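Enquirer: can't give you the sequence, but here's the structure:
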């Protein structure tokens, strides 16, 4: 397992212990089975993007809480050193760039969506917002059963506390930058 998965397991156990939660209680809060939660804590399982969103939402923490590291005043992120989180057999990839900062209340990712694939995201916590800028291709966003076509260079903003889908209906790779804002969150 990679360092990022080790970090996820350690932080999950830390927050569960700090809040005095059993795996059964955490299962009820997140909708993720206690056996899977235990495997993640022990670094025996690589959680999917969807599983991480469920855990983050259930614990009312940011998505990147589990993978964030201490930051310097100037940070340069190299794509070569960024391990993606995968969904759909790697057809949807999330590259964490700037993980959640309690003071700034946001996190930033690059995403890639393979041709003819869609990723349906669970609703995030109340108040969470997403800002997306497409850097390559055409991204379809489905929000409240409405389809929005976001072309290269275009952007979209929406309240992310509802189910939403990132879809690539083309024959070419889609790339986008995603900023997730957590105005109401606090640990």
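Expert: Great, that's in hand. Quick caveat: nothing in here was measured; it's all calculated off a predicted structure. Numbers count the residues shown, from 1 in each chain.
Enquirer: Need the per-residue pLDDT for residue 73.
Expert: If you check residue 73, the pLDDT there is 66.
Enquirer: Identify the residue nearest the geometric centre of this protein.
Expert: residue 63 (4.9 Å; C-alpha atoms, centre = their mean).
Enquirer: For the closest residue to that one other than its chain neighbours, grab the count of nearby residues.
Expert: Leaving out its chain neighbours, the residue that sits closest to residue 63 by C-beta to C-beta, 6 or more residues apart in numbering is residue 56, at 4.8 Å. Backbone N, C-alpha and C define where each C-beta goes, glycine included. Using other C-beta atoms under 10 Å, residue 56 is surrounded by 23 other residues.
Enquirer: Wasn't residue 56 part of a helix?
Expert: Yes - counting by DSSP: H, G, I helix; E, B strand; the rest coil, residue 56 falls inside a helix.
Enquirer: in terms of contact, does it touch residue 62 like I think?
Expert: Yes - counting by C-beta atoms under 8 Å, residue 56 does reach residue 62; the two are 6.3 Å apart.
Enquirer: list the buried ones in stretch 162-169?
Expert: 164, 166-168 (16 or more other C-beta atoms under 10 Å).
Enquirer: Among those residues, name the ones in strands.
Expert: Per DSSP state E, strands hold the following members of the buried residues of stretch 162-169: 164, 166-168.
Enquirer: Adding distance to residue 11 and pLDDT, write the residues you listed out as a markdown table.
Expert: Shown next, in a markdown table, are those (distance: C-beta to C-beta, whole Å; pLDDT from 0 to 100):
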| residue | distance to residue 11 | pLDDT |
| --- | --- | --- |
| 164 | 25 | 96 |
| 166 | 25 | 98 |
| 167 | 31 | 98 |
| 168 | 31 | 98 |
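Enquirer: which one among those residues gets closest to residue 99?
Expert: residue 166 (19.7 Å; C-beta to C-beta).
Enquirer: Name all residues that make contact with the closest one.
Expert: 92, 111, 113, 118-119, 121, 139-141, 176 (C-beta atoms under 8 Å, 6 or more residues apart in numbering).
Enquirer: If any of those residues are buried, give me the ChimeraX selection for them.
Expert: Written as a ChimeraX command, the selection of buried residues from the contacts of residue 166, which uses 16+ other C-beta under 10 Å, is:
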select :92,111,113,119,121,139,140,141,176
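Enquirer: least confident pick among the contacts of residue 166?
Expert: Scoring those by pLDDT puts residue 121 last, at 93.
Enquirer: give me every residue that touches the residue lying closest to that one once chain neighbours are set aside.
Expert: Leaving out its chain neighbours, the residue that sits closest to residue 121 by C-beta to C-beta, 6+ apart is residue 164, at 5.3 Å. By C-beta under 8 Å, 6+ apart, the contact set of residue 164 is 120-121, 123, 130, 141-143, 158.
Enquirer: Cool, thanks, signing off.
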